[in-house]
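**Student:** all I have is the shape, not the residue letters:
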C-alpha cells in the first residue's frame with residue numbers, strides 16, 4: 001500500500017515538473033523573440049548609414065516584397081470585405097435581389113395581382129354568364145372578384161368550382177424539386193362539414 005502511494009506521488013511530482021519546464025521554456029522563447037525584435041528596430045534619432053559597396057557595380061535596389069494582405073474581414077473604408085475566391089458570399093440572402101427587395105416584392109402590383117396565395121381567403125362563389133366567379137378577400141380586407149386564369153402575386157387561378165378555388169402557385173424554394181403546386185381554397189362553411 002505504501003509503495004502505491006509513493007508511486008502516485010512521484011508521478012504527480014514528475015508531471016508538475018514537466019509543466020513547469022515547458023512554461024519556463026515558452027517564456028524564455030518569448031523573451032528571446034522580443035529581444036531580437038527590439039534589436040532589429042532602429043532607435044529614434046539614430047541615423048541609418050549604408051555600407052559602401054566594395055565592387056564597382058552600381059547598387060541594386062532591394063527587391064520589393066508583395067504587400068501583406070490585411071487580415072481577412074478587414075478593409076480600409078467599410079470595416080469588412082468578403083473575398084469570394086470562387087465561392088458565394090454566405091451573408092447575402094439567396095432570395096434577395098441587390099436592390100434590397102425580394103423578387104416577389106419587386107413584381108407585386110395593385111389589386112388581386114399583388115396578393116399572395118396564402119393571404120387570400122375565399123369568401124364566396126357566384127355563377128355568372130356560364131362560369132364560376134370567386135369573391136376573395138386580401139390581407140387589406142378588400143374584396144376582389146377573381147376569374148379563372150387571373151394572376152395573383154405568386155401564381156395563377158387555375159380553376160373555380162362550385163365549392164372551391166384552385167391556385168397554381170409558383171414555388172420559390174431553390175431546394176424544391178417541384179416548381180409549381182396546386183393550392184385549394186374552400187369556403188369556410190364547407191370546411192366545417194368535412
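**Tutor:** Yep, it's here. On a predicted model such as this, the values are computed, not experimentally measured, just so you know.
**Student:** A strand includes residue 113, no?
**Tutor:** No: counting by DSSP: H, G, I helix; E, B strand; the rest coil, residue 113 is not part of a strand but helix.
**Student:** leaving out chain neighbours, which residue sits closest to it?
**Tutor:** Closest residue to residue 113 apart from its sequence neighbours, by CB to CB, 6 or more residues apart in numbering: residue 151 at 4.9 Å. For the C-beta atoms, the positions are set from N, CA and C on the backbone; glycine is no exception.
**Student:** surely the one you found and residue 111 touch.
**Tutor:** No: contact criterion CB atoms under 8 Å: residue 151 and residue 111 do not qualify, at 9.7 Å.
**Student:** give me the more crowded residue out of the two.
**Tutor:** Per other CB atoms under 10 Å, whichever of residue 151 and residue 111 has more neighbours is residue 151, with 15 against 12.
**Student:** that one and residue 83, how far apart?
**Tutor:** Look at residue 151 and residue 83: by CB to CB, to the nearest Å, they are 42 Å apart.
**Student:** go ahead and report the secondary structure state at residue 7.
**Tutor:** Per three-state DSSP, residue 7 ends up helix.
**Student:** so how far is residue 21 from it?
**Tutor:** Going from residue 7 to residue 21 by CB to CB gives 21 Å.
**Student:** wait, a helix at residue 22?
**Tutor:** Yes: assessed with three-state DSSP, residue 22 lies in a helix.
**Student:** burial count for it?
**Tutor:** By the measure other CB under 10 Å, the count of residues near residue 22 is 10.
**Student:** and residue 7, by the same measure?
**Tutor:** Number of residues near residue 7 (other CB under 10 Å) recorded here: 10.
**Student:** read off the pLDDT value for it.
**Tutor:** pLDDT recorded at residue 7 is 78.
**Student:** where's it relative to residue 178, distance?
**Tutor:** When CB to CB is applied, the distance between residue 7 and residue 178 equals 70 Å.
**Student:** equivalent analysis for residue 30, please.
**Tutor:** The spacing between residue 30 and residue 178, counted by CB to CB, is 62 Å.
**Student:** which one's more surrounded, these two?
**Tutor:** More neighbours surround residue 30 than the other of residue 30 and residue 178, with 10 against 7 (other CB under 10 Å).
**Student:** can you pull the contacts of the more buried one?
**Tutor:** By CB atoms under 8 Å, 6 or more residues apart in numbering, no residues touch residue 30.
**Student:** what about it, which SS state?
**Tutor:** Once three-state DSSP is applied, residue 30 turns out helix.
**Student:** touching, residue 181 and residue 171? I think so.
**Tutor:** Yes: using CB under 8 Å, residue 181 and residue 171 qualify as a contacting pair, with a distance of 5.9 Å.
**Student:** can you give me the helices in the chain?
**Tutor:** Assigned by DSSP state H, the helices in the chain fall at 2-40, 103-107, 188-193.
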